[in-house]
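>>> have a look at this fold, sequence not included:
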């Protein structure tokens, strides 16, 4: 029966909403939990409340530990105690247990400090939110505004009807106005008018979003370019320091030279820069020079041998040609 009653109420609400929309009326909704999570005062007060609750839990845990210790001690000493002492110990434990339960009820019960402080925290903010919702409804001619986080069942709600962000802006504006000068108030009013215009015009909202995305991309490009310039500058500084160090080392007779070697590991060739002193590099240079001279000398001897062979072949051919000519005559 209850389910049927709720279904009828929901149907009436949806029907009235659709009917209102067909008449051209405006419908919107808010998400109370989302709004509260974006109000700085609520976040700070909630953190303080959670800190208090954590302290109360620790106090209860300390009382539990104390009671458990007394119980364990009584069990261990019970054979050695008289009936009167046992009754005294049990009465003390019962008293502490009752005290613990009373403290727990006082802090976390239905009418405990946690519930009272939470209500005291939320109630003023809820009043501000309701006032902001009424101001928005009157200024923008809304006919219905629902609370999505309430017990009212909303099966679907399009995002374009969500005015939660508008409510948050109204709350922030109210807080800012108390701290602004006359000039700042004028600038803030112009900013608010622009935000309201964006809320009323989806096309303008899309355009503003595109401009914001473009600005963000440009800022990112500038930041990346700045990082690249800093990296180039860093490499230049490192190279300059290396040149100065090499020059200083050369003056001291300990010139360093960088020799690039290729190593093949598991079929992959990797280049490794190995820094060697002049004493290590010099023998290698002499060896390479000697090897180059030997190869050059060998090449010259080979060329001479080839030239000599070609001349010998030419001389033999001339002799053969003369002999053939003489025989023909």
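That came through fine. Bear in mind the structure is a predicted one, so any value in this text is a computation, not a measurement.

>>> from here on, contacts and neighbour counts on C-alpha atoms
Noted.

>>> and residue 218, how far is that from residue 212?
Noted for residue 218: a distance of 10 Å to residue 212, by Cα to Cα, to the nearest Å.

>>> and residue 150, by the same measure?
To residue 212, residue 150 is 34 Å away according to Cα to Cα.

>>> with residue 127 instead?
Distance from residue 127 to residue 212, by Cα to Cα: 33 Å.

>>> where does the protein have low pLDDT?
Counting by pLDDT under 70, the low-confidence segments of the chain come to 1-24, 151-153, 175-206, 208, 253-285, 329.

>>> show me where it has strands.
Assigned by DSSP state E, the chain shows strands spanning 26-30, 142-147, 256-265, 268-277.

>>> and the angle for the second one with strand 26-30?
Following axes from the mean of the first three to the mean of the last three Cα atoms, to 10 degrees, one obtains 20 degrees for the angle between strand 142-147 and strand 26-30.

>>> and the contacts of strand 142-147?
17, 25-32, 133, 136-137 (Cα atoms under 8 Å, 6 or more residues apart in numbering).

>>> domains in the protein, as residue ranges please.
For the chain, the structural domains run 22-174, 201-261, going by automatic domain parsing.

>>> in JSON lines, list these along with distance to residue 316.
Formatted as JSON lines, those follow (distance: least, Cα to Cα, whole Å):
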{"stretch": "domain 22-174", "distance to residue 316": "105"}
{"stretch": "domain 201-261", "distance to residue 316": "53"}
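
>>> export these to JSON lines and tack on distance to residue 290 and mean neighbour count?
Shown next, in JSON lines, are the domains of the chain (distance: least, Cα to Cα, whole Å; neighbours: other Cα atoms under 10 Å):
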{"stretch": "domain 22-174", "distance to residue 290": "80", "mean neighbour count": "14"}
{"stretch": "domain 201-261", "distance to residue 290": "19", "mean neighbour count": "13"}
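
>>> ok, which of those comes nearest residue 328?
domain 201-261 (69.5 Å; Cα to Cα).

>>> can you give the distance of that closest one from its chain's centre?
Computed by Cα atoms, centre = their mean, to the nearest Å, the chain-centroid distance of domain 201-261 equals 23 Å.

>>> for stretch 31-50, same thing?
With Cα atoms, centre = their mean as the basis, stretch 31-50 stands 22 Å off its chain's centre.

>>> distance check, residue 79 against residue 72.
Separation of residue 79 from residue 72 (Cα to Cα) stands at 13 Å.

>>> what does residue 99 give?
Applying Cα to Cα, the value for residue 99 to residue 72 is 19 Å.

>>> same deal with residue 88?
15 Å.

>>> then residue 157?
59 Å.

>>> swap in residue 81?
Separation of residue 81 from residue 72 (Cα to Cα) stands at 14 Å.

>>> centroid-nearest residue for the chain?
residue 220 (15.6 Å; Cα atoms, centre = their mean).

>>> next one: that residue from residue 226, what distance?
Taking Cα to Cα, one finds residue 220 at 10 Å from residue 226.

>>> cool, residue 162 as well?
For residue 162 relative to residue 226 (Cα to Cα), the value is 40 Å.

>>> likewise residue 289?
Distance of residue 289 to residue 226, given as Cα to Cα: 48 Å.
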